[in-house]
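Undergrad: I would like the atomic coordinates for the input below:
(one chain, ligands or ions: 1)
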Amino acid sequence: MPNWPLAPVRYAQAAIICIASLASVWAADYTGPLLDAHLHYNEEAWNGQTGPHPLPDVLARMQRNGVRAIVANSRPNDGTKALADAPQTRAAGVTVVPFVRLYRNRADYDNWFRDETIYTLVQTELARGTGAGPYKGLGEFHLYDSANANGPVARKLMQLAEKQQLAVLAHVDDVAIDLLMAHAPKARLIWAHTGIGGAPAARVDALMARYPLLMGELSYRPGLTCDDGQLCPEWRALVTKYPDRFLIGSDTWVNQRWLYYDELMRGYRRWLGGLPPDVARKVAWDNGARLFGLPAP
Ligand SMILES: [Zn+2]
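TA: You can find the predicted model right below:
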C-alpha cells in the first residue's frame, strides 16, 4: 500500500524543523535604544540652516531610528554647538555628547598633530563648553601616517585627555594605537572604525587585551558583516569576547551618509539582533552610556 496518507504529516514535520532552524539564523532585529558614537554635523550639512540637512532634518533621522544619544563633533565646532544648544534636540529625546573637533578646515586634517594653534583651539573650546554641558571628548582626528602620533601636539592632546578624563575618537591604524597609548596609558581611546585599513581581527583582539580602556567603534570596519547582514564569524567572536568594548556609529562625514542614515541604523539593528540580547544592548547603548555617564533612555 502506498504511504501517501502519511506524506502530509512528514511534510509538516519537515516544515516545522525548517522554520525552527531559520528562526535562529534570521533573528529579529534589535529594537532597543541606539547610541551613535561617531556623528559629524559638518558645515556642508547645515550651512547656516540653508544646507540640505538642517536641524529638524537630522533630528528626525535620529528620532525615527531610535537613536537616543549621539557623540557629536563637527568641522568647524559650530555644528556640534548648534545640536547641543537647540531645545529641539532635547525635545526629540536625543542626548548630545559633545566632542571638540580639531579642525577648522580641511587643511588642519594633515597638520593638527604639530600645530600649536590647534592645542589653543581645544583649550578655548573646552573652557567654553556647550549648551549640553561640558565637552566629553576630543576628535575625531585622523592620522594618515601613524608616525605622526608622536607629533608634539598629538602627544599633548592625549595627555590633556587623560588628565581631564576626556574620551578621544581617533581614526588611526593599529600602529598608532600603540603610539597614542604610550603617551597616555589611562586615556579613554575610542578607535574610530576599529581599523579602517582592515587590521586583522587577531590584531584587534591583541590590542583590546593589551589596553583595557580601549574601545572600538565599528562604522566602515572592513569584513564586519557577512551573509544576511550578520556579523562575520571572527567579528562575532570578538564582540562576544569583549562585549563591553564596542560601539556603533554613523560617521556622517559627508552629506551622503545623512541620506543613508536610515539604512545604516537598520544595518546595525540587523546584526545586533543576531547577538545574545545582553551583548546587543551593550554594544547598542550601554557601553557608550557607561563611558559618558548617561542615564537609561
Ligand atoms: Zn568620522
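Undergrad: where in the stretch 1-150 of the chain is pLDDT low?
TA: Applying pLDDT under 70 to the stretch 1-150 of the chain flags the ranges 1-26, 49.
Undergrad: That one against the ion: which residues are in contact?
TA: E140 (Cβ under 5 Å from the ion). Using the backbone N, CA and C atoms, a C-beta is placed for each residue, glycine as well.
Undergrad: now the helices for the stretch 1-150 of the chain?
TA: Assigned by DSSP state H, counting those that start in this stretch, the helices in the stretch 1-150 of the chain fall at 7-25, 43-46, 55-64, 78-85, 87-91, 116-128.
Undergrad: Could you count how many residues lie near the closest residue to A167 other than its chain neighbours?
TA: Leaving aside its sequence neighbours, A167 sits nearest to G137 (Cβ to Cβ, 6 or more residues apart in numbering; 3.6 Å). Neighbours of G137 under the rule other Cβ atoms under 10 Å: 23.
Undergrad: Quickly list what G137 is bridged to.
TA: Beta-bridge pairing for G137 (DSSP bridges): F99, A167.
Undergrad: ok, now which ones touch it?
TA: Neighbouring residues of G137 by Cβ atoms under 8 Å, 6 or more residues apart in numbering: 71, 73, 97-100, 161, 166-169, 188, 190.
Undergrad: repeat for I248
TA: 34-37, 217-219, 268, 272, 283-284 are the contacts of I248 under Cβ under 8 Å, 6+ apart.
Undergrad: Point to the residue nearest the middle of this protein.
TA: G249 (2.8 Å; Cα atoms, centre = their mean).
Undergrad: wait, isn't it in contact with H40?
TA: No - in this structure, G249 is not within contact of H40 by Cβ atoms under 8 Å, at 9.8 Å.
Undergrad: Name the residues contacting each of those two.
TA: Counting by Cβ under 8 Å, 6+ apart, G249 and H40 have no shared contacts at all.
Undergrad: how close does A237 get to the ion?
TA: Noted for A237: a distance of 26 Å to the ion, by Cβ to the ion, to the nearest Å.
Undergrad: ok now do that residue, which residues does it touch?
TA: A201.
Undergrad: Is it part of a helix or strand, or is it coil?
TA: With DSSP: H, G, I helix; E, B strand; the rest coil as the basis, A237 sits in helix.
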